[in-house]
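> build me a structure from this.
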Amino acid sequence: MKAINKAIKDKWDAEASLNIYPLYFDAAPQEAAMPYVVYQKITGIPEFTFNTEMQDDRYQFSAFSSKNSAEEVLTMYEAIIAIFDDVVLPIVGYTPVLFERANEVPDKTPEEAWQYNIEYRVLNSKN
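Take a look at the predicted model:
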């Protein structure tokens, strides 16, 4: 859904605590230098309730840092949840219903980079 991708990117770009980190959709370019964040849609389910058409999606933000300690990736995590927990995004063609944190997993990659995955459930009603 292009409209929600645009709404996420617009919100990211408007926030000083986040726009200092590059944001990529689906995957970072191979030459990208850390720190950065990748976001992607990981699931999507159309829902219908009586006469309302809805879209129930899961989006994941993955913050990456090459620092030896987890401090930088935790700072990124805190900035993401401060902005996106329960956010109401203007999405063309939809009315926002829910944007809630559903899961989070810190990890260290095989390349010894820190990674923090934050998953959101995003529910929107089609106009």
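> and the lowest-mean-pLDDT helix or strand in the chain, how far out from the chain's middle?
Least confident element among the helices and strands of the chain, by mean pLDDT, DSSP states H and E: strand 36-49 (a mean of 89). Offset of strand 36-49 from its chain centre (Cα atoms, centre = their mean, to the nearest Å): 9 Å.
> list the buried residues of it.
Tyr36, Val37, Val38, Tyr39, Lys41 (16 or more other Cβ atoms under 10 Å). In this view, the C-beta of every residue, glycine as well, is placed from N, C-alpha and C.
> ok, now how distant is the nearest residue in space to the first one that is not next to it in sequence from Ala32?
In other words, Tyr36. Counting by Cβ to Cβ, 6 or more residues apart in numbering, Tyr36 lies nearest to Pro22, which is 4.4 Å off, once chain neighbours are set aside. Separation of Pro22 from Ala32 (Cβ to Cβ, to the nearest Å) stands at 7 Å.
> next, the contact list for the residue nearest the centre of the chain, please.
Central residue of the chain (Cα atoms, centre = their mean): Phe61, 3.6 Å from the mean position. The contact partners of Phe61, by Cβ atoms under 8 Å, 6 or more residues apart in numbering, come to Val37, Val38, Tyr39, Ile80, Phe84, Asn117, Ile118, Tyr120.
> all strands for this structure, in order.
For the chain, strands defined by DSSP state E occupy the ranges 23-25, 36-49, 52-65, 94-108, 114-126.
> mind listing what the fourth one pairs with, with the direction of each?
Looking at strand 94-108 with DSSP bridges, its paired strands and their directions are strand 114-126 (antiparallel).
> which of the residues in the strand it pairs with are buried?
Buried-residue list, strand 114-126, by 16+ other Cβ under 10 Å: Trp114, Gln115, Tyr116, Asn117, Ile118, Glu119, Tyr120, Val122, Leu123, Asn124, Ser125.
> what's around the nearest residue to Ser125 once chain neighbours are set aside, how many residues?
In space, and not counting its chain neighbours, Ser125 is closest to Thr95: 4.5 Å by Cβ to Cβ, 6+ apart. Residues contacting Thr95 under the criterion other Cβ atoms under 10 Å number 13.
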